[in-house]
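Q: Structure, please.
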Amino acid sequence: MSSFRSLGMQISTLFLREQEFLDSSLGDLGIVKENLFHLLALYENDGLSREDLMERSLPVDRKATRALSGLIHQGLIRKEPFYQQKRSWKLFLTEKARKMEPRVRDNLAIWNSTLSRGLSEGERAFLQRVLAKISRNAEELVSQPVVDVGASGG
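A: The predicted model follows:
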C-alpha cells in the first residue's frame, strides 16, 4: 500500500487544525468558524457588499446568507442600503466586532508563528508563493470541464 498522501489532504488537515485552535481560543466570543473569515475580510475592508465579502472570505460558502444573518443577529455586523445599486447592501462591523479584533488577530498570529516556527523569512516567503501558486492551479483545474481520465475509450 502506498504512503502517498495528497497535497490537498495535507492542506485540508492544516485548515481543520486551524479551525480547532480558533474554536478553542475564540469560542467564548461566540464566533463560529464559518463566520470568522467573514469578520476577517471586514476587518480588512469594512463596508463590503455581500458579493465582495464572499469573494474575500472563503472560495465556496454555500451557507453565506445564513452566516451573515447570524452575524447580524449576534450584533457583529450591520447592513446598510447601497443606493448606487438597487436591492444591494453594504456590510459594516459593529463596535462589538471591532472590540474583538485584537484578540482575533492575536490568536491568528499565534497560529501562524507556531506553524512557521523554525523557518527563515526567505522560507516563509517561498512557502507563501508556492501556496498561492498551488491555489491558482487548483482554481484553474476546477474551472475546466470535467474529464474522466479512467474511462475506457470504447
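Q: C-alpha only now, for contacts and for neighbours.
A: Noted.
Q: Tally up the residues packed near the closest residue to L29 other than its chain neighbours, please.
A: Spatially, and ignoring its direct neighbours in sequence, L29 is nearest to M100 (7.9 Å; Cα to Cα, 6 or more residues apart in numbering). Look at M100: counted by other Cα atoms under 10 Å, it has 15 neighbours.
Q: Repeat that for L76.
A: L76: 20 neighbours (other Cα under 10 Å).
Q: Isn't it up against E101?
A: No - the pair L76 / E101 is not scored as a contact, 11.0 Å apart, by Cα atoms under 8 Å.
Q: re earlier: in a strand, the residue nearest to L29, correct?
A: No - counting by DSSP: H, G, I helix; E, B strand; the rest coil, M100 is not part of a strand but helix.
Q: how much space between it and L115?
A: The gap separating M100 from L115 is 23 Å, by Cα to Cα, to the nearest Å.
Q: Can I get the helix-or-strand element of the chain with minimal mean pLDDT in PDB? Just the C-alpha atoms.
A: Ranking every helix and strand in the chain by mean pLDDT, DSSP states H and E puts helix 50-56 at the bottom, with a mean of 81. Extracted in PDB, the C-alpha atoms of helix 50-56 (Å, rounded to 0.1, in the frame of the first residue of the first chain):
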ATOM      1  CA  ARG A  50     -22.200  40.700   0.200                       C
ATOM      2  CA  GLU A  51     -20.700  39.600  -3.100                       C
ATOM      3  CA  ASP A  52     -17.300  41.200  -2.400                       C
ATOM      4  CA  LEU A  53     -17.400  39.700   1.100                       C
ATOM      5  CA  MET A  54     -18.000  36.200  -0.200                       C
ATOM      6  CA  GLU A  55     -15.200  36.600  -2.700                       C
ATOM      7  CA  ARG A  56     -12.700  37.600   0.000                       C
END
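Q: Give the buried residues for it.
A: 50, 53-54, 56 (16 or more other Cα atoms under 10 Å).
Q: wait, what's in contact with N112?
A: Contacts for N112 were tallied using Cα atoms under 8 Å, 6 or more residues apart in numbering; there are none.
Q: Put the alpha carbons of the host helix or strand of A132 into CSV.
A: Secondary structure from DSSP states H and E places A132 in helix 121-142. Only the C-alpha atoms of helix 121-142 are listed here, as CSV (Å, rounded to 0.1, in the frame of the first residue of the first chain):
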residue,chain,number,x,y,z
GLU,A,121,12.0,34.7,6.4
GLY,A,122,13.0,33.5,2.9
GLU,A,123,11.4,30.1,3.5
ARG,A,124,8.2,31.8,4.7
ALA,A,125,8.1,34.0,1.6
PHE,A,126,8.8,31.0,-0.6
LEU,A,127,6.1,29.0,1.1
GLN,A,128,3.6,31.8,0.6
ARG,A,129,4.4,32.0,-3.1
VAL,A,130,4.2,28.2,-3.5
LEU,A,131,0.8,28.0,-1.8
ALA,A,132,-0.5,30.9,-3.9
LYS,A,133,0.6,29.1,-7.0
ILE,A,134,-1.0,25.8,-5.8
SER,A,135,-4.2,27.7,-5.1
ARG,A,136,-4.2,29.2,-8.6
ASN,A,137,-3.5,25.8,-10.2
ALA,A,138,-6.5,24.3,-8.2
GLU,A,139,-8.8,27.2,-9.3
GLU,A,140,-7.7,26.6,-12.9
LEU,A,141,-8.4,22.9,-12.7
VAL,A,142,-11.8,23.1,-11.2
